[in-house]
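**Q** A structural model of the following input is requested.
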Amino acid sequence: MNRLINLTFHGVGTATRRLEQGEDDVWVSSEQFRAMLDSAAVRQDIRISFDDGNASDVDEALPALRDRGLSATFFVVAGRVGTSGFLDASGIRELADAGMTIGCHGMRHQPWRKLDDATLHNELVEARRVLEAIVDRPVTQAACPFGSYDRHVLSTLRRCAYVNVYTSDRGTARPRDWLQARNTVRRGDNGTLVEHILAAERGRYHAVRHKARLALKRWR
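**A** A predicted model of the protein is given here:
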C-alpha cells in the first residue's frame, strides 16, 4: 500500500453541548457516520481518527467501530477532560481498553503556531502527561488543532518524540511518513468522499499546487 487516506471525524449524533463557531459543519449524523464507516470497512487504505475528545466518541463512535471490527485514534484535548459534553477519564480508558489509540490534541484546543515556548510546552508535554496518567501507557501521536503548525512547531514535536503528527492538510499520505495529512469529514459527505480525494490527487495541476502549499507551511 503506497498511499493511504486519513479520515477525521469530530462529533457524531446529537450534540450534548453548545457547539463553537464552525463546529456544526463537522458534526455528522449517526446515519452519515455509520454509512462512512461501512464504506471504510471494505477498504485497506483508510485510517480513521477523531479530534477534540467529544463524549460522542464513546456514546456513538465506539459501538459503531466495534460492530465493524474497525480501530481508530482519538485525539483528546487534555484540558477538557471531564467537562460537559466531552470525555471523562473513564471514557478515555474505555476507548483505550477497547484497543483504540489515544493521542494528544493539546491542552486548550488552540492553534499551536506562534505560541510562546512555555505555552507550547504546556500543549505538547503537559497535555500528554495528563493523558498518559489516565490510560497508563505512552501517548505517542499528536494532532495539530485547526491544522495549525509551522517549522518551529514541527521541530518541537520531534524533540518531544512524537512518533506521528497529524494535520488537516487533505490528500493522501505515505504510511511511514512522520507527518500525516488528514481529511476532515463534514456534514453531507458520503461514501464518495474517498474517491473525490483520490481523483484530486491524480490531477497534476492540483498535485503541484498542493505540494507547494505544504512545503510553505512546513518551512515558514
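**Q** Let me know how buried the closest residue to Ala41 other than its chain neighbours is, in neighbour terms.
**A** Excluding the flanking residues, the one nearest Ala41 by C-beta to C-beta, 6 or more residues apart in numbering is Arg68, at 4.6 Å. Where you see a C-beta, it was placed from the backbone N, CA and C, and this is true even at glycine. The number of residues packed around Arg68, counting by other C-beta atoms under 10 Å, is 14.
**Q** Repeat that for the one 5 residues further on.
**A** Burial measure for Thr73: 20 neighbouring residues, criterion other C-beta under 10 Å.
**Q** Give the bridge partners for it, please.
**A** In this structure, Thr73 has the following beta-bridge partners (DSSP bridges): Ser49, Thr101.
**Q** re earlier: just want the phi and psi numbers for the residue nearest to Ala41.
**A** In terms of degrees, to the nearest 10, the main-chain angles of Arg68 are phi -110, psi 0.
**Q** need the contact list for it.
**A** Listed by C-beta atoms under 8 Å, 6 or more residues apart in numbering, the contact set of Arg68 reads Leu37, Asp38, Ala41.
**Q** can I get these in a markdown table with secondary structure?
**A** As requested, the contacts of Arg68 are exported to a markdown table (DSSP: H, G, I helix; E, B strand; the rest coil):
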| residue | secondary structure |
| --- | --- |
| Leu37 | helix |
| Asp38 | helix |
| Ala41 | helix |
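**Q** can I get these in TSV with neighbour count, pLDDT and distance to Val81?
**A** Converted to TSV, the contacts of Arg68 look like this (neighbours: other C-beta atoms under 10 Å; pLDDT from 0 to 100; distance: C-beta to C-beta, whole Å):
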residue	neighbour count	pLDDT	distance to Val81
Leu37	21	96	25
Asp38	13	96	31
Ala41	14	94	30
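**Q** how about the residues you listed in TSV, adding distance to Ser90?
**A** As requested, the contacts of Arg68 are arranged in TSV below (distance: C-beta to C-beta, whole Å):
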residue	distance to Ser90
Leu37	24
Asp38	29
Ala41	28
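**Q** I appreciate the help and will end here.
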